[in-house]
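# What follows is a predicted protein model with its sequence.
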Amino acid sequence: MAGPGVTPPKPLDVARWLWIASAVVGLGRFLVQLADRGTLIEVLREEQARQGITLGQDELDAGVSGGILLGLLMGGLLVLVYVALANRMARGRNWARIALTVFGVVGAVVGVTRLILVVSGLGAFYGLSVAPVDLAFGVATMLLDATAVVLMYLPSVSGYFRSQRTVAGKTPQVANGL
């Protein structure tokens, strides 16, 4: 927890909101994918055919409905995790900054790789098809994440994390000057 009256530096506060925005945009991307029920049923139908299983339409519908519900729960949970990490990072918790950095870097690497595959035409060669709306969501989250990572490591922010570590390491009486 931040010391009494300690406000995070402005770049860190902006980074917090960028992480939250990224999670919400990512959830929006996921909702768009889940809204395409026809594609979800087709994917499930192809998978069952590969495995030699025959399901009726009612079973396919139930499977897709269950998958959508699970997806919504997982998407909501992911947003909550990002919000919790972003808030802890803004309070000076370095471990949260590191976790968000890992998420951001992995997301950026995957996103840039996907973008290169699509733009170069290699994606189509390997059977990767990406809808334009999905690509737009991906680019938006990459930009939000990359900007947030940069803001979290500005020199003006590093001192804040060191000061919060010092405050957290002392007893409340010492931290308050008592």
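Okay, I see it.
# Look up the closest residue to the residue nearest the centre of the chain, ignoring the ones flanking it.
The central residue of the chain, meaning the one whose C-alpha is nearest the mean C-alpha position (Cα atoms, centre = their mean), is Ala23 at 4.7 Å. Once flanking residues are discounted, Ala23 sits nearest to Tyr82: 3.6 Å by Cβ to Cβ, 6 or more residues apart in numbering. For the C-beta atoms, the positions are set from N, CA and C on the backbone; glycine is no exception.
# do Val105 as well
Using Cβ to Cβ, 6+ apart and skipping the chain neighbours, the partner closest in space to Val105 is Val149 (7.0 Å).
# give me the low-pLDDT residue ranges for the protein?
Along the chain, the model assigns pLDDT under 70 to residues 1-5, 166-178.
# in it, which spans are helices?
10-35, 37-50, 57-90, 94-120, 122-125, 132-152, 155-169, 172-175 (DSSP state H).
# Could you name the helices and strands sitting against the third one?
So the one you mean is helix 57-90. For helix 57-90, the packing partners by 3 or more Cβ pairs under 8 Å, 6 or more residues apart in numbering; DSSP states H and E come out as helix 10-35, helix 37-50, helix 94-120.
# correct me, but the residue nearest to Val105 touches Phe103?
No - with contacts defined as Cβ atoms under 8 Å, Val149 does not count as touching Phe103, sitting 9.3 Å away.
# burial of Ala140, as a residue count?
With neighbours defined by other Cβ atoms under 10 Å, the count for Ala140 comes to 17.
# The one 3 residues further on too?
Neighbours of Leu143 under the rule other Cβ under 10 Å: 15.
# show me what contacts it?
The neighbourhood of Leu143, defined by Cβ atoms under 8 Å, 6 or more residues apart in numbering, contains no residues.
# Contact partners for Gly75?
Gly26, Leu27, Phe30, Leu31.
# I'd like the distance between the last one and Val110.
Summarising the geometry, the distance separating Leu31 from Val110, computed by Cβ to Cβ, to the nearest Å, is 20 Å.
# repeat for the second one
In this structure, Leu27 and Val110 are separated by 17 Å, where distance is defined by Cβ to Cβ.
# More neighbours: which of the two?
Between Leu27 and Val110, counted using other Cβ under 10 Å, the more crowded position is Leu27 (17 against 12).
# Identify the residue nearest that one in space, chain neighbours excluded?
With Cβ to Cβ, 6+ apart, the residue lying closest to Leu27 is Gly75, at 4.9 Å.
# And the one you found, how far from Val24?
Looking at Gly75 against Val24, where the rule is Cβ to Cβ, the gap reads 10 Å.
# What of Ile68?
With the distance defined as Cβ to Cβ, Ile68 ends up 19 Å from Val24.
# Check Thr113 too.
Thr113 is 24 Å from Val24, by Cβ to Cβ.
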